[in-house]
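> Model the structure of this input:
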Amino acid sequence: MAQGVLAFVRGIDLTRIEFQDRTVPEQFQDLGSLRWLRLNHSTLESLPPQIAKLKKLEHVHIAHNQMKDLTNALVLLPRLRTINARYNELTDDGIPEKLFELDELSTVDFSHNELENIPENLEDARGLQVLSLSHNTIKELPKALFVELNDLHHLDLSNNKLETVPPQLRRLHHLNMLNLSNNPLAQSKLRALRHLNSLTVLNLSGTQRSISNLPDTLHEGTPFLEELDLSHNSFTFVPQTVYELTKLRRINFSHNQITELTQQVEVWISLVTFNLCHNELKALPNGICKLIDLRRIFVSDNQITFGGIPVGVGRLVKLEVFAAARNRLQCVPDGLCRCAQLRRLVLNNNELVTLPETIHFLKSLEVLDLRHNPNLVMPPKPSVVSDESAAQFYNIDFDVEKLKRGETAIVQPNTSAASRKHRLFGKRRQASVDNEAKASVLLQGMSRAHGASERHRGSVDIDSSPDVQSRKSIGSAEFEEEMEQTSIKAKRWDETLERPNLNYMDLFCDDTGKVPGLTIWSIENFVPVLQDPVFYGQFYEGDCYIVLKTFINNPNSLEVDWEIYYWCGKDATMDKLACGAIHAVNLRNMLGARCRTIREEQADESAEFLDLFD
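Down below sits the predicted model:
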């Protein structure tokens, strides 16, 4: 009965089973239909001889044992496709030469053993697709090794003692993953890399790379590279050829001496993981805020200060991990707390003084490491934290009825981490007016704009003029008809406008709107931030922008005129939408423009707006 059942078994896992006398039972040979076998962690010193009778066996896993050699039993398995013998004690003499003559053999893993040379006749395994020889003491690769192994997809030679790589490596046109890490390859130029057109993963960590021995045409031969590891090397800046690899998703430049990143980082639009730990960086470029797919940033053990983290970091809506331990941070931008998907925030061993109040609203946050910041004062936690109170999140009341009655729109003064930090260190103090007073003056001027206009129109008493009194005394009917027509005559909408008593220089520059051309601002932390002309036309769906077109309407008079637009992304938050509209009006008031502010929505832009970027 038992023998009949064994004949139909397709696979068996005997991991961590210690056999008596370290041998398998005799009934093992009755598994005639066995396709896969796992004998991992079984303290075996040799393969059981019964394996030779399992003619249908395809996959053999014997990892984490004490085997010094593989018997010829494997050679007798005509369908063998996979042999996993990692973490054993195999030597050069312990691998049968005829093993690689098996036609179906496609995966060989001899990593973590005691090999000093490439196994004999390995080049005969022409159907090999996966080869791992990592963590041995191999010093040299035979030139004939890669002549016939044209079907290799995965090659791991890491943690050996290789000093050179044969040029025949360029023949591996189907190779997807190459790991040469932790080999003393300082004298090797690795020119063969530029011929590996199918490569997607390249690991050169700890290979003594520098600007001088990294191929400057790497991007030309590996256009599909997605993962690049150049950690534990001697780079002082990111090579230009790396910036040309536009499909990268994971980059590891940790443990180098990099001092600066350029704005070219924005070309890595698919980047998901960026590791820059243990370098000498003082700041991250603004271009990193355009990597909207970025999920993990590691910048620990650098010299980054508060100004070194871009204000627009809040655009990274998919960010899950931000690690900046052991830097010189005194605070972090409020935008970092706008990353709603943030799960891990590591800021230990810095010089933190405070944090943004919005840190309390990161509901996805699982790890917040603030250890060893002796001067840190945590912001007070709001008494009410509710999803329904989005206005409380930004301390703004957008109630329309209150605005009509002229009540203030701000519930609380600005108490962001940046503001508290500046107040503590005196960077933005003004002798006469503090931040709360400025906010009060700004809002009072806006709320009184309507009342001031009404008082101006009613300041002249028609009945008190001498001409009116004289005509009244006559009592003519013409006078009554004229007064009736005067009272019902409507004025143009722009004739009743009055510029509020506001200091627009806090929001816009003095020369705004004086030179023909385009000027664009994005809304960041409730205020407009001037954009670099290089980025004009690159709008993000989670942001709002103000676009000013300055042009000469009459060539004879050389007077300038303006068109003002505010563009709303489909995923923009309520505060950005409101501030975009408000500051567009502020811009019009500052310029004294008679035009209207035009709202443009993503995917529904007007032809006039699109023509601005042609």
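
> residues in contact with Thr550?
By Cβ atoms under 8 Å, 6 or more residues apart in numbering, the contact list for Thr550 reads Gly513, Lys514, Val515, Pro516, Gly517, Leu518, Thr519, Val560, Asp561, Trp562. (Glycine included, C-beta is placed from N, CA and C.)

> Identify the residue spatially nearest to Leu44, adjacent ones excluded.
Using Cβ to Cβ, 6 or more residues apart in numbering and skipping the chain neighbours, the partner closest in space to Leu44 is Asn65 (4.5 Å).

> so the one you found sits in a helix?
No. Assessed with DSSP: H, G, I helix; E, B strand; the rest coil, Asn65 is coil; it does not lie in a helix.

> Distance check, it against Leu34.
19 Å (Cβ to Cβ, to the nearest Å).

> now Cys289
Counting by Cβ to Cβ - Cys289 and Leu34 are separated by 56 Å.

> one step back: can you say which of the contacts of Thr550 are buried?
Neighbour counting with 16 or more other Cβ atoms under 10 Å marks Gly513, Leu518, Thr519, Val560, Asp561, Trp562 as buried within the contacts of Thr550.

> residues touching the first one, list them.
Gly513 is in contact with Thr519, Leu548, Thr550, Val560, Trp562, Leu587, Leu591, Ala593, counting by Cβ under 8 Å, 6+ apart.

> helices and strands of this structure: which one has the lowest mean pLDDT?
Ranked by mean pLDDT, DSSP states H and E, the weakest helix or strand in the chain is helix 390-393, scoring a mean of 41.

> After the lengthiest helix in the chain, heading C-terminal, what element do we hit next?
Here the longest helix in the chain is taken by residue count, with DSSP state H as the criterion, and it is helix 574-591. Downstream of helix 574-591, the first helix or strand assigned by DSSP states H and E is strand 597-601.

> what's the angle from that next one to helix 574-591?
Angle of strand 597-601 versus helix 574-591, following axes from the mean of the first three to the mean of the last three Cα atoms, to 10 degrees, is 150 degrees.

> hmm, who's touching strand 597-601?
Strand 597-601 is contacted by residues 547, 563-568, 570, 581, 584-585, 587-588, 606, 609 when judged by Cβ under 8 Å, 6+ apart.

> For ChimeraX, write the select line for the buried members of these.
Selecting only the buried entries of the contacts of strand 597-601 in ChimeraX, with 16+ other Cβ under 10 Å as the criterion:
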select :547,563,564,565,566,567,568,581,584,587,588
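
> how about Ala7, phi and psi?
Main-chain dihedrals, Ala7, degrees, to the nearest 10: phi -70, psi -20.

> residues near it, how many?
The local packing of Ala7 (other Cβ atoms under 10 Å) involves 11 other residues.

> From Leu74, how far out is Pro49?
11 Å.

> which of those two has more neighbours?
Leu74 (22 against 14).

> Tell me the confidence at the more buried one?
Per-residue pLDDT puts Leu74 at 89.

> List the contacts of it.
By Cβ under 8 Å, 6+ apart, the contact list for Leu74 reads Leu47, Ile51, Val60, Leu80, Ile83, Pro96, Leu99.

> Pick the one among those residues closest to Leu248.
Of all the contacts of Leu74, Ile83 has the smallest distance to Leu248: 33.5 Å, by Cβ to Cβ.

> Who are the packing partners of the helix or strand containing that closest one?
Ile83 is located in strand 82-84, with elements delineated by DSSP H and E. Contacts defined by 3 or more Cβ pairs under 8 Å, 6 or more residues apart in numbering; DSSP states H and E place strand 82-84 against strand 59-61, strand 107-109.

> got those strands as CSV, with mean pLDDT, distance to Val321 and mean neighbour count columns?
Converted to CSV, the helices and strands packed on strand 82-84 look like this (pLDDT from 0 to 100; distance: least, Cβ to Cβ, whole Å; neighbours: other Cβ atoms under 10 Å):
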stretch, mean pLDDT, distance to Val321, mean neighbour count
strand 59-61, 94, 33, 19
strand 107-109, 95, 31, 20
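
> Reformat the ones you listed as CSV; add distance to Gln330.
Putting the helices and strands packed on strand 82-84 into CSV (distance: least, Cβ to Cβ, whole Å) gives the following:
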stretch, distance to Gln330
strand 59-61, 53
strand 107-109, 50
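
> right, and the ones you listed - which one's nearest Asn183?
Nearest of the helices and strands packed on strand 82-84 to Asn183, taken as Cβ to Cβ: strand 107-109 at 18.4 Å.

> ok now the closest one, how far from the chain's centre?
Chain-centre distance of strand 107-109: 35 Å, with Cα atoms, centre = their mean, to the nearest Å.

> Among the contacts of Gly513, which pair sits farthest apart?
Val560 and Leu587 (13.9 Å).

> Output the below-cut-off pLDDT ranges for the stretch 251-400 of the chain.
Applying pLDDT under 70 to the stretch 251-400 of the chain flags the ranges 382-400.

> need the strands for it, in chain order.
Along the stretch 251-400 of the chain, the stretches classed as strands by DSSP state E, counting those that start in this stretch are 273-275, 296-298, 321-323, 344-346, 367-369.

> So what touches the last one?
Under the criterion Cβ under 8 Å, 6+ apart, residues Ala325, Arg343, Arg344, Leu345, Val346, Leu347, Asn348, Ile359 lie in contact with strand 367-369.

> my guess is the last one contacts Pro379, does it?
Yes. Judged on Cβ atoms under 8 Å, Ile359 makes contact with Pro379 at a distance of 6.9 Å.

> who has more neighbours, these two?
Per other Cβ under 10 Å, whichever of Ile359 and Pro379 has more neighbours is Ile359, with 21 against 16.

> Find the nearest non-adjacent residue to that one, please.
Cys337 (5.3 Å).

> Roughly how far does the one you found sit from Asn525?
In terms of Cβ to Cβ, Cys337 sits 11 Å off from Asn525.

> swap in Phe28?
According to Cβ to Cβ, Phe28 stands 70 Å off from Asn525.

> cool, and Glu163?
Separation of Glu163 from Asn525 (Cβ to Cβ): 54 Å.

> who's in contact with the residue lying closest to Thr573 once chain neighbours are set aside?
Sequence neighbours aside, Gly542 is the residue nearest to Thr573 in space, at 7.6 Å (criterion: Cβ to Cβ, 6+ apart). By Cβ under 8 Å, 6+ apart, Gly542 lies in contact with Arg315, Val317, Gly569, Asp571, Ala572, Thr573.

> do Ala607 as well
By Cβ under 8 Å, 6+ apart, no residues touch Ala607.

> With Arg35 instead?
Counting by Cβ under 8 Å, 6+ apart, Arg35 makes contact with Arg10, Gly11, Lys56, Leu57, Glu58, His59.

> Model confidence score at the residue nearest to the first one when sequence neighbours are not counted, please.
What it means is Arg10. Nearest residue to Arg10, sequence neighbours excluded (Cβ to Cβ, 6+ apart): Arg35, at 4.9 Å. Note on Arg35: pLDDT of 90.

> hmm, back to that, are any of the contacts of Arg35 buried, and which?
By 16+ other Cβ under 10 Å, the contacts of Arg35 give Leu57, Glu58, His59 as buried.

> which SS class is Asp93?
Classification of Asp93 using three-state DSSP returns helix.

> okay, now it: neighbour count?
Using other Cβ under 10 Å: Asp93 sits among 9 other residues.

> I'd say it and Leu115 touch.
No. In this structure, Asp93 is not within contact of Leu115 by Cβ under 8 Å, at 10.2 Å.

> which of the contacts of Gly542 are buried?
Neighbour counting with 16+ other Cβ under 10 Å marks Arg315, Val317, Gly569, Ala572, Thr573 as buried within the contacts of Gly542.
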